[in-house]
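In: Coordinates for the following, if possible.
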Amino acid sequence: MRNLSRILKFAAASLAVFSLALAVSPQAARAEYPEKPVKLLVGFSAGGGTDVYARALSSFIYDALGMPFVVVNKPGASGMIAAKTVKQAPPDGYTLYVISAASFATRELIDGDKAPIKALEDFQPLGVIGQLVSALIVPKDSRFKNAGELVAFARANPGKLRWSNPGKTSSHTIAGMGFLQSNNISATLVPFKGGSKARNAVAGKQVDFGFMGVQLMAGFESKLKALGVASRERDGVYRDVPTFGEQSLAELDLAAPMIIWGRRDLPADVVAKLTAAIKAAATQKGYAKLIKKTGAVGYYKPPEEGVAIVKRLQANMQPIVAANFSK
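Out: Down below sits the predicted model:
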């Protein structure tokens, strides 16, 4: 009987331990995040506007997160190859994505229901870290002194002007299409793969004007001039370039804030750590200074503003996409 009593006590104790183990949640059992470096995917080549933001933020993230961001360039399909990689990665916070709100909105609008990625369904913003502004850029010695003169010439000479852009589905291309559409003018499209190539075409006078990120003016001020920006406010670096609205032309609200994205189903504690670390890194003075050296603007806005930005951009871009792309 004594042995039976011991066996029963042991069984009861074992059952209690087993029950306690079952009660421990997966989140509690998971090691504290982060245990290793975090991959930050860029859907474009190294040296471009998106890549600049990724590497600048990575320079400041370690002190805030305790682990570095490792930038991985995975170009292709206007950033969607990288987006798919992040979507297919485990929802553990070790694979993130950086892309502008406009680029995400463009791809989804063009592809419609067939879009491989839907920004606000598959991903969540973890922080807004800056902004790219599309600009109308011409050769330094262009006959056009302002955007109004270019519009007047284009109306009198339909299709005569040639213009470059970074690629068919680039958000800067959408801005250029919006400019033409809103001013009821036409020009011959000469697409390139990448902003630097589109800029070089303008600098080399292969085209009459181009639409690209205004930050691409940096280092080329002797060869280029910007006639206007496709945003409600002037750019934070090139403050002397007026908006189109300031020039009595149709205003384009198409500025493209740069956002760090994570999968929609990331654990809440991981999201909290990432959002706090991104805020800490992007609000350091050194971050904005580093970004400014490239001609772009660095700042911080919280994730909820990123959601509102994407929705606003989709609404503003929808009529442009509808008029220029067939589903």
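
In: could you give the mean pLDDT of the helix or strand where residue 128 lies?
Out: Element membership for residue 128 (DSSP states H and E) is strand 123-132. On average, the pLDDT along strand 123-132 is 95.

In: tell me what the helix or strand following that strand is packed against?
Out: Later in the chain than strand 123-132, the nearest helix or strand by DSSP H and E is strand 134-139. Applying 3 or more C-beta pairs under 8 Å, 6 or more residues apart in numbering; DSSP states H and E, one finds that strand 134-139 contacts helix 147-156, helix 171-182, helix 195-203, strand 209-213, strand 224-229. Where C-beta positions appear, they are placed from N, C-alpha and C, glycine not excepted.

In: follow-up on the earlier one: and the strand holding residue 128, C-alpha only, in CSV?
Out: Below are the C-alpha coordinates for strand 123-132, written out as CSV (Å, rounded to 0.1, in the frame of the first residue of the first chain):
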residue,chain,number,x,y,z
PHE,A,123,1.9,43.8,-44.0
GLN,A,124,1.8,46.4,-41.3
PRO,A,125,3.8,49.7,-41.1
LEU,A,126,6.4,49.7,-38.3
GLY,A,127,7.5,53.3,-38.8
VAL,A,128,7.7,56.1,-41.4
ILE,A,129,11.4,57.1,-41.8
GLY,A,130,11.4,59.7,-44.6
GLN,A,131,10.0,60.8,-47.9
LEU,A,132,10.8,60.7,-51.6
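
In: Within its sheet, name the partner strands of it and how each one runs.
Out: Partner strands for strand 123-132, per DSSP bridges, with pairing direction: strand 256-263 (antiparallel), strand 297-301 (antiparallel).

In: That one vs strand 209-213, what angle?
Out: Relative orientation of strand 123-132 versus strand 209-213 (axes from the mean of the first three to the mean of the last three C-alpha atoms, to 10 degrees): 130 degrees.

In: now the stretch 201-327 of the chain, which segments are flagged as low pLDDT?
Out: For the stretch 201-327 of the chain, the stretches with pLDDT under 70 are 326-327.

In: re earlier: how about the strands paired with strand 123-132 in a markdown table, adding distance to residue 274?
Out: Below are these laid out as a markdown table (distance: least, C-beta to C-beta, whole Å):
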| stretch | distance to residue 274 |
| --- | --- |
| strand 256-263 | 6 |
| strand 297-301 | 13 |
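
In: Of all these, which one is nearest residue 235?
Out: For the strands paired with strand 123-132, proximity to residue 235 was assessed by C-beta to C-beta; strand 297-301 is nearest, at 6.8 Å.

In: what's next to the closest one, contact-wise?
Out: If you take C-beta atoms under 8 Å, 6 or more residues apart in numbering as the criterion, strand 297-301 is touched by 53, 56, 127-131, 133, 235-237, 257, 278-279, 282-283, 287-288, 290-292.

In: after it, next one along is what?
Out: In N-to-C order, the element after strand 297-301 by DSSP H and E is helix 303-324.

In: Which positions in that following helix come out as buried?
Out: 303, 306-307, 309-310, 313-314, 316-317, 320-321, 324 (16 or more other C-beta atoms under 10 Å).

In: Specify which member of these is nearest to residue 213.
Out: residue 313 (15.2 Å).

In: So in terms of bridging, what pairs with the closest residue to residue 126 other than its chain neighbours?
Out: Leaving aside its sequence neighbours, residue 126 sits nearest to residue 260 (C-beta to C-beta, 6 or more residues apart in numbering; 4.6 Å). Taking DSSP bridges as the rule, residue 260 bridges to residue 98, residue 127.

In: What confidence value was assigned to the nearest residue to residue 183 once chain neighbours are set aside?
Out: Nearest non-adjacent residue to residue 183, counting by C-beta to C-beta, 6+ apart: residue 151, 4.8 Å away. Residue 151 carries a pLDDT value of 98.
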